[in-house]
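**Student:** what follows is a predicted protein model with its sequence.
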Amino acid sequence: MKDSPAPIKRRRYDAAFRAEALRLAAESRSPQAAARALNIDPKRIYKWQKEALTPVAAARGAELDPATAAELRQLRAANRRQAQELEILKKPLLSSRRHRTNEPLSL
């Protein structure tokens, strides 16, 4: 059998490399020039710039210490509980009189 070529491995970039690429792109005012200097695809720098503007993506790449991670879990759980309570409170209440007689209330 023929030997198949080895699969191309995706290159991974650490946070320090990304930060340096973004700094270089900001200094040169051209993501394309920075991409050429770093020998990477300009689309990758554009993607990193977009991610840097969104706080969720920036937090995803950051390492959280255990105390911060625990607090984040607690806050998310509290947020879910409050959202459920809000949904319950949004449901209309049936008037006891209307419920007994099945007649619409007149205003």
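**Tutor:** Perfect, I can see it now.

**Student:** which of the residues in stretch 16-24 are buried?
**Tutor:** 18, 21-22, 24 (16 or more other CB atoms under 10 Å). Placement of C-beta: from N, CA and C, glycine included.

**Student:** and those residues, which two are furthest apart?
**Tutor:** The largest separation in the buried residues of stretch 16-24, counting by CB to CB, is between 18 and 24 at 10.7 Å.

**Student:** quick one: mean pLDDT over the helix or strand harbouring residue 68.
**Tutor:** Residue 68 belongs to helix 66-90 when assigned by DSSP states H and E. For helix 66-90, the mean pLDDT works out to 89.

**Student:** what's the answer for stretch 8-28, then?
**Tutor:** 82.

**Student:** distance from the chain centre to that stretch, please.
**Tutor:** 19 Å (CA atoms, centre = their mean, to the nearest Å).

**Student:** and stretch 84-96, by the same measure?
**Tutor:** Averaging C-alpha positions (CA atoms, centre = their mean) puts stretch 84-96 31 Å from its chain's average.

**Student:** and stretch 24-43, by the same measure?
**Tutor:** A distance of 25 Å separates the centroid of the chain from that of stretch 24-43, by CA atoms, centre = their mean.

**Student:** likewise for stretch 82-90?
**Tutor:** In terms of CA atoms, centre = their mean, the centre of stretch 82-90 is found 24 Å from the chain centre.

**Student:** roughly how far apart are residue 84 and residue 36?
**Tutor:** As judged by CB to CB, to the nearest Å, residue 84 and residue 36 stand 52 Å apart.

**Student:** so for stretch 25-38, what gets flagged as buried?
**Tutor:** So, applying 16+ other CB under 10 Å, buried residues of stretch 25-38: 25, 31, 34-35, 38.

**Student:** could I get these as JSON lines with distance to residue 77 and secondary structure?
**Tutor:** As requested, the buried residues of stretch 25-38 are exported to JSON lines (distance: CB to CB, whole Å; DSSP: H, G, I helix; E, B strand; the rest coil):
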{"residue": "25", "distance to residue 77": "39", "secondary structure": "helix"}
{"residue": "31", "distance to residue 77": "40", "secondary structure": "helix"}
{"residue": "34", "distance to residue 77": "41", "secondary structure": "helix"}
{"residue": "35", "distance to residue 77": "42", "secondary structure": "helix"}
{"residue": "38", "distance to residue 77": "41", "secondary structure": "helix"}
